[in-house]
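Asker: What follows is a protein structure lacking sequence information:
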């Protein structure tokens, strides 16, 4: 009987320890291939890890839609250079998922015109290629802050607003 009580106490302790650990939020990224993209993928992976995000890489917009919908991923990063779907269509489709994820566009060009167009169709911010860890970290922090504020209010974001 003492062994049983000891095991029960041990498993309760494990359950409580696991409950106190912060669970990683899923993040979906659709990235192009190639040598330059490998550096961007590594930067995104490392930065997502430090932000406690579990990065799931998709190869297409359709795959991202399914994965993000299943995981209810709060953040999606979409590479503008993906050839399977035009980026405007992809942003509109992915940002319209029922859980209203925050969409970040990865682009070789990042200017005011692109940012305004992205916001108009439901995106959140633009990250310029090649990715820099400090930029990725800043944008992910802003996206998560916005997502959490919307979740706290109990409302799904209807349109993304830049925080700064």
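Answerer: All right, it came through fine. These numbers were taken from a predicted model, which means no experiment stands behind them.

Asker: Point out where this structure drops to low pLDDT.
Answerer: Along the chain, the model assigns pLDDT under 70 to residues 1-22, 34-36, 153-164.

Asker: Tell me which stretches of it form strands.
Answerer: Secondary structure of the chain (DSSP state E): strands at 25-30, 53-58, 75-79, 102-107, 125-128.

Asker: Residue 136 versus residue 96, what's the distance?
Answerer: Noted for residue 96: a distance of 24 Å to residue 136, by Cβ to Cβ, to the nearest Å. All C-beta atoms are positioned from the backbone trio N, CA, C, and that covers glycine.

Asker: And the two? Which one has more around it.
Answerer: Remark: of residue 96 and residue 136, residue 136 carries more neighbours, 23 against 13, as counted by other Cβ atoms under 10 Å.

Asker: any idea which residue sits dead centre in the protein?
Answerer: residue 75 (2.6 Å; Cα atoms, centre = their mean).

Asker: mind listing what that residue touches?
Answerer: With contacts defined as Cβ atoms under 8 Å, 6 or more residues apart in numbering, the neighbours of residue 75 are 25, 27, 28, 53, 101, 102, 104, 140, 143, 144, 147.

Asker: Closest one of the residues you listed to residue 65?
Answerer: Proximity of the contacts of residue 75 to residue 65 (Cβ to Cβ) peaks at residue 28, which lies at 9.0 Å.

Asker: what's the angle from the longest helix along the chain to strand 25-30?
Answerer: Counting by DSSP state H, the longest helix found in the chain is helix 133-153. Relative orientation of helix 133-153 and strand 25-30, computed by axes from the mean of the first three to the mean of the last three Cα atoms, to 10 degrees: 130 degrees.

Asker: How many residues are close by residue 59?
Answerer: 13.

Asker: Now do the closest residue to it other than its chain neighbours against residue 138, distance only.
Answerer: Residue nearest to residue 59 in three dimensions, not counting chain neighbours: residue 30, with 7.3 Å by Cβ to Cβ, 6 or more residues apart in numbering. To residue 138, residue 30 is 21 Å away according to Cβ to Cβ.
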